[in-house]
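A.B. asks: Requesting a structural model of the entry that follows:
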Amino acid sequence: MSRFGDATAVTRVAEGRYRIDLDGAFGFAEALNGGYLMAVLARAAVDAAPHRHPVATAASFLRVAKPGPAEVLVEPRKAGRTASAARVSLVQDGQVAVDALITTADLDPDGEPDWLGEPPAPPLPPIERCTHFAAGDRDRGFADQVQMHFDPATLGWLDGRPSGRPECRAWFRLRDPHEPDAFVLALAVDALPPVVLNTGAKGWAPTVEMTWHMRAVPAPGPLALHGGGRLVAGGWFDEEVEVWDSAGRLVAQGRQLARVGRPSRRAAATA
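C.D. replies: The predicted structure follows:
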């Protein structure tokens, strides 16, 4: 398997109970990426269900999950011919870190949409005209597991010139040979830097709740991520992400509510 496949693989130890060793390579410092955690939950949900695809996930992030042993608990809520639903929880050190309701169903890989809206505007520039950050000489965690080519127009925050709009756009794929699937989509919807950085916010922006939908089985190749937001207020912001595959199809949608990042007191004092 690929690094991502190994990192999200769960082992069934009993009915509705799974074991996993969470991989620190999919995190930042000691905090694991939320999309990686949703991919882990989705694998357990699909294993426990009669359906192949996690078509809807609503996840609440209650505590920071860290690298190391954890359990995934799956409690069925509905079992149907068309769709099934289960409560899926990630438990670490005796506490629930992520609690989710996941609906599974079967999507037709060859299915064509009955109607599809226009791709987001502005479109992503070609990959060769985007900004790419090579893998580092030292372990940078999540950033070294993915290949992301960013639209330069959405990277102003890096050099102190944020655009003033909550936005970010990038091409995305894994560095290892693992083509997009349902679980890669779970990672992709939470892979962009927080869009609030382009409004001048700084620091960590922890996700409180995230809902994402798998809309189609993705074609091989890079994914186009389009991120934006509607409101930044009172220390909170929302982030919406659309994921389009190499065939030009909308394959995933994500929406999250998160806290606005704040610089540390030390950083603020020296700014």
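A.B. asks: Now the longest helix seen in the chain: buried residues?
C.D. replies: The helix that spans the most residues within the chain, counting by DSSP state H, is helix 34-48. Of all the residues in helix 34-48, those buried under the rule 16 or more other CB atoms under 10 Å are 34-46, 48. C-beta here means a position set from N, CA and C on the backbone, and glycine is covered the same way.
A.B. asks: Same check on stretch 108-127?
C.D. replies: Residues of stretch 108-127 classed as buried under the neighbour-count rule (16+ other CB under 10 Å) are 120, 124-125.
A.B. asks: And for stretch 150-167?
C.D. replies: By neighbour count, and taking 16+ other CB under 10 Å as the criterion, the buried residues in stretch 150-167 are 150-151, 153-157, 162-163, 166-167.
A.B. asks: Redo the buried residues of stretch 108-127 as TSV? Include pLDDT and secondary structure.
C.D. replies: Listed next are the buried residues of stretch 108-127 as TSV, based on pLDDT from 0 to 100; DSSP: H, G, I helix; E, B strand; the rest coil:
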residue	pLDDT	secondary structure
120	90	coil
124	96	coil
125	96	coil
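A.B. asks: And the longest helix of the chain, what does it pack against?
C.D. replies: Counting contacts by 3 or more CB pairs under 8 Å, 6 or more residues apart in numbering; DSSP states H and E, helix 34-48 is packed against helix 3-8, strand 17-22, strand 53-61, strand 68-79, strand 83-92, strand 95-105, helix 182-188, strand 207-214.
A.B. asks: which one of the ones you listed is the most hemmed in?
C.D. replies: helix 182-188 (a mean of 26; mean count of other CB atoms under 10 Å).
A.B. asks: And that helix, how far out from the chain middle?
C.D. replies: In this view, helix 182-188 has its centroid 6 Å away from the chain centroid, taken as CA atoms, centre = their mean, to the nearest Å.
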